[in-house]
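>>> Structure of the sequence below:
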Amino acid sequence: MPPTRHSLFRYPCKFLGCMKVCRKPGGLTQHQSHCKFNPKNIHRCTPLPEHPLHDIPGFQVDGGLALDPKALPLNPDHNDQPECLSTWTRHGDSGTPCDEDGYDLPEGAPPPPPPPHSVNIEMPASPFRSAEEFELADLIFNKIHMSATEINSLMDIWTRLNEQDGAVENGASSDAPFSSTNDLYDTIDSITLGDIPWQAFTMQHTGETIDQNSPSWMTHTYEVWFCDPLSVMESQIGNPDLAREMDFAPKQVKGKDEQQQYCNFMSGNWAWDQADIIAGNPETHGSMFAPIILGSDKTTVSVATGQNEYYPLYASLGNVQNHVRRAHRNAVTVVGFLAIPKTDKQYEKSAAFRKFRRQLFHASLAYILQSLKPWMTKPKVTHCGNGYFYHVIYGIGPYIADYPEQCLLACIVSGWCVRCTAFFNDLDNQEEASLHSYEHTKALYDAVGGNHRALWDGYGIIADIVPFTSNFLQADIHELIVPDLLHQIIKGTFKDHLVNWVIKYINISHEKKEADRIIGEIDHRIAVVPLFPGLCHFPKGRGFKQWTGDDSKALMKVFLPTITGLVPDKMVRALAAFLEICYLQFGAPNGLCSSITESKHIKAVKEPWRCSNRYNALGQMLLTNERLDKLNAFRIDLQSRNLLPGFISDPVVPASVGNDDLDIWADEGIHSDSDTLDGLSDFVGIPHLRENIHRFLYDQLNPGADVMGMEVNLNTCPIVNPLLTVNVFHYAISLFHAPSDLSGIGGMHREIIHATPTWWNGEAHHDCIFVANNTDNDGFRGLNAAQVHLFFSFTYNNILYPCAFVHWFETYGDNPCRNTGLWMVEPHFDALQRRLTSVIHVDTILRSAHLIPVFGRRFIPSHLKFSNSLHAFALYYINKYADHHSHEVAF
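Below is the predicted model of the structure:
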């Protein structure tokens, strides 16, 4: 790394073995508190020995097929967060900007001027004649997926329409934007941005003597396609669309009580520890750590054709924030298609074939990722999307995989834990178990004298396979495997075990007719659960055949209250304990889950397959993916040059600010037939609306009064004109910080709170809300629950008041339910047994609340629907499992 121009290193670390030298005393203090050589910090990271790919026994690798796809028919940091959170981002020793020659820039220096852009003055959108022509190509190829025949027909119709409209007479061309399908494809292919060609290598078995009687898998040549992962990562790092949602250095986010919160991958301890290692080496000090998140998963595109399985490998830059990775914004890229070896039925379970499959998998990954290896120890000056250059050090990061694939990756026998040595039939025994590691496996290997059978039977270790991570520095596959929330927790533990456990208990404990009746009651209860923003509704309960991950997650959030009263309390408490653990742990994997790779299958595998002619489809799928990458890269380029709308913009600033954790404002809605106060009161059926507004104004004008407006004499309240103009809104938008959820920029989550007289041409839809009550109390003790019946605004004394008319609930009991762990509320009535209502300012609304009836032991009427369930029961649960933010505020 070139020397730093503006300062000298002067303050060495005092701990033995540490070579770190800091520029300032303050930096030295911070470093020593986290130094891996500090005796207080138990941190050991031993470089793993390398195993050259070509030394793996039984393999012959041919890497000479770097094909041009045309030769084959292929184809600075965003800090929006509430004041209750504090973020400490590493500076100086990690992610230091530099110029293109590698010299560090002074702190606060602007980015260097961008390189000159070669632009055709007459055709700035070249190779397209205009930005509109590009949008048409993107619409046809990327969004609609038109077939070749349909594109030709469209262009032919376009040309004939121009001729009929007299385009030729007016001096314009009558031609369509593209003369044919081939013209469209050739134009897309001529885009140079995002052009990362696909390459191929072949592998085949070379171990045992092969003759005419050998199984077919021994003689077959396996072809693996990939695109250079280094180029892919540089493309993601340099993407200006991702720059504002990318962490260029590890960070620590802490809440009110200095408790660490994990809101993005780079806020985790692993990224921080890796940065410690990089910063401790003078050759890499100040470099940006770029972890590569990998994921692979077989997928089936069709069950009706012969070749229906593909094995894509995905890669994502760990610096990109989680919500971007889940939002399909080019932060997850398919970088390879692995081979799937097949053999005759008689050889499928043979030890030799299974060993070959494992070796093929690991050798393929090692070969594909080899272009990253030199830059894991030597910084590479890379241009980033924020305009700066950085010294980048790459590293193998977490690997997203389901359990069978985890066993394959970790070389662990199926049924055993991939992260620790707990015995397969005693996984809870923590006293005798220890974490798997390369060193531990080697020690066991030496202890048993290299006996593979002893390692298999006694420790669940497959000793004759070398994991691909052994080829890379600071990479231990056991440490990098990500828990699979989708398959192991949501689908596995919840759907396949707990739900089935409940159903089996009911079937065993009751006669068939009664058991069916109880199960039908559970389904009916699930169907009448009130709506909640972002939560799936089950109109027929849980009785459907094809379950998706989203279905399982949604059912998980409402299942607990629906079984209460129908099964023993101990079963209810067991399910509540499971849900509590899930919500406490869901932030730990930093948003990495196999649902990311499964959702990417659609865009990278299934849609390209459908666009192919199904014959030797892989080559066509690769070409489709390449064209999609070019279109996406070209769109970002046009947006950056203001030739297309939609480039990176600042987050929307709301009209009013509620508190540190929420912005909520009324959006434009539909007005009632009458804009006057009395006319509105009659129209919406709220006879006491004017009285409630009087009392609301008393509270607004007397914020320090000892008595609330709801309790004072009405004559003491401000008077408003019955002809007062009122604007009515059918929804409001809530914006709040929710780092654990599917959030937007800076961890901000946006939801819509409805108060509409008709929902999808049906009945009314009035959401419930949390209202701030006493900020000195934690959790739900500091909140109230209410149901919104109207959003409206009016002006009084030249001040605009955005308001909500609500029906109140009051808390039932002093503590949550001992079985479910959920708070309970009941409709609040006044002394005359009228439903307690009031007008509140929208700034007092925290966010949506999800109420689920306390069904009890009785069966509910068959005519009851979700649209009226909030009026039909005497008691309701506050569902803190509706989403992560509800769990954070309703405890």
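>>> in what helix or strand does Tyr877 lie?
strand 876-878 (DSSP states H and E).
>>> Ile581: how many residues sit nearby?
As a burial measure, Ile581 scores 12 neighbours (other C-beta atoms under 10 Å). For glycine as for every other residue, the C-beta is placed from the backbone atoms N, C-alpha and C.
>>> next one: Gly385
21.
>>> helices or strands up against the very next helix or strand once past the strand holding Tyr877?
Per DSSP H and E, the first helix or strand lying C-terminal to strand 876-878 is helix 884-889. The helices and strands touching helix 884-889, judged by 3 or more C-beta pairs under 8 Å, 6 or more residues apart in numbering; DSSP states H and E, are strand 845-849.
>>> Give the other helices and strands that the strand it packs on contacts.
Against strand 845-849 (3+ C-beta pairs under 8 Å, 6+ apart) you get strand 662-666, strand 731-737, strand 748-756, strand 768-772, helix 884-889.
>>> Let me have those in CSV, extended by mean neighbour count and mean pLDDT.
Below are the helices and strands packed on strand 845-849 laid out as CSV (neighbours: other C-beta atoms under 10 Å; pLDDT from 0 to 100):
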stretch, mean neighbour count, mean pLDDT
strand 662-666, 22, 39
strand 731-737, 22, 76
strand 748-756, 19, 81
strand 768-772, 23, 92
helix 884-889, 20, 82
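>>> Determine which of the ones you listed approaches Val224 most closely.
Closest approach to Val224 among those is made by helix 884-889 (39.1 Å; C-beta to C-beta).
>>> Quick one: distance of that closest one to the chain centre.
17 Å (C-alpha atoms, centre = their mean, to the nearest Å).
>>> Show me what the mean pLDDT comes to for the strand or helix carrying Leu161.
Using DSSP H and E, Leu161 falls within helix 148-164. Averaged across helix 148-164, pLDDT comes to 90.
>>> which parts of it are buried?
The neighbour-count check on helix 148-164 (16 or more other C-beta atoms under 10 Å) flags 151-152, 154-155, 158-159, 162 as buried.
>>> Which elements pack onto that helix?
helix 181-189.
>>> What's the first helix or strand after the helix it packs on?
Next along from helix 181-189, by DSSP H and E: strand 198-205.
>>> what does the helix or strand just after that following strand rub up against?
Counting by DSSP H and E, the next helix or strand C-terminal to strand 198-205 is helix 216-219. Applying C-beta atoms under 8 Å, 6 or more residues apart in numbering, the contact partners of helix 216-219 are 204-205, 208, 210, 341-344, 347, 353, 356.
>>> Among the residues you listed, list the two that are farthest apart in space.
Glu208 and Lys342, at 18.6 Å, using C-beta to C-beta across these.
>>> Pick out whichever of these two has more residues nearby.
Lys342 (13 against 10).
>>> okay, that one: pLDDT?
The model's pLDDT for Lys342 equals 89.
>>> How about it: what's its closest non-neighbour residue?
Spatially, and ignoring its direct neighbours in sequence, Lys342 is nearest to Trp217 (7.1 Å; C-beta to C-beta, 6 or more residues apart in numbering).
>>> cool, Met233 as well?
Leu317 (5.8 Å).
>>> Please give the number of neighbouring residues around the one you found.
Leu317: 26 surrounding residues under other C-beta under 10 Å.
>>> Then Thr795?
Neighbours around Thr795, by other C-beta under 10 Å: 12.
>>> do Thr725 as well
Thr725 has 12 nearby residues by other C-beta under 10 Å.
>>> Who is it paired with across the strands?
Beta-bridge pairing for Thr725 (DSSP bridges): Thr676.
>>> Report the separation between the residue nearest to Met233 and Cys717.
59 Å (C-beta to C-beta, to the nearest Å).
>>> What of Gly318?
Counting by C-beta to C-beta, the gap from Gly318 to Cys717 is 58 Å.
>>> which of these two has more neighbours?
Set Gly318 next to Cys717 and count neighbours by other C-beta under 10 Å: Gly318 wins out with 27 against 19.
>>> Could you verify my assumption that the more buried one touches Ser267?
No - applying C-beta atoms under 8 Å as the test, Gly318 and Ser267 come out as separate, 11.1 Å apart.
>>> Show me the strands in the stretch 701-850 of the chain, by range?
For the stretch 701-850 of the chain, the strands defined by DSSP state E, counting those that start in this stretch occupy 727-729, 731-737, 748-756, 765-766, 768-772, 783-796, 799-812, 824-827, 837-841, 845-849.
>>> Would you mark the buried spots in the last one?
Right, the one you point to is strand 845-849. For strand 845-849, burial by neighbour count (16+ other C-beta under 10 Å) applies to 845-849.
>>> Return the closest of these with respect to Pro539.
Nearest to Pro539 among the buried residues of strand 845-849, with distances taken as C-beta to C-beta, is Ser848, at 20.7 Å.
>>> okay, that closest one: pLDDT?
92.
>>> Tell me what it is bridged to.
The partner residues for Ser848, given DSSP bridges, come to Ile769.
>>> check contacts around it.
So Ser848 contacts 532-533, 734, 751, 753, 767-770 (C-beta under 8 Å, 6+ apart).
>>> and if you look at Ser437?
Applying C-beta under 8 Å, 6+ apart, the residues near Ser437 are 476, 478-479.
>>> How about Thr96?
So Thr96 contacts 104-105, 286-288, 390-391 (C-beta under 8 Å, 6+ apart).
>>> same check, this time on Lys630
188-189, 191, 193-195 are the contacts of Lys630 under C-beta under 8 Å, 6+ apart.
>>> repeat that with 6 Å
Taking C-beta atoms under 6 Å, 6 or more residues apart in numbering as the criterion, Lys630 is in contact with 191, 194.
>>> swap in Asp195?
No contacts exist for Asp195 under C-beta under 6 Å, 6+ apart.
>>> Tell me the pLDDT of it.
Model confidence at Asp195 (pLDDT) stands at 90.
>>> any idea how far Phe829 is from it?
From Asp195 to Phe829 the distance is 69 Å (C-beta to C-beta).
>>> again with Ala527
For Ala527, the distance to Phe829 - C-beta to C-beta - is 28 Å.
>>> So what's the residue count around Gly336?
Count around Gly336 with other C-beta under 10 Å applied: 24.
>>> Helix, strand, or coil at it?
strand (DSSP: H, G, I helix; E, B strand; the rest coil).
>>> Go ahead and confirm it touches Phe226.
Yes - counting by C-beta atoms under 6 Å, Gly336 does reach Phe226; the two are 3.7 Å apart.
>>> any residues in contact with both of the two?
Ile368.
>>> any chance you could map the strands in the stretch 51-200 of the chain?
59-65, 86-89, 97-98, 198-205.
>>> Which of those strands comes out lowest on mean pLDDT?
strand 59-65 has the lowest average pLDDT among the strands of the stretch 51-200 of the chain, namely a mean of 42.
>>> about what we covered before: who touches the strand holding Tyr877?
Contacts for strand 876-878 (C-beta under 6 Å, 6+ apart): 561, 822-825, 851-854, 890.
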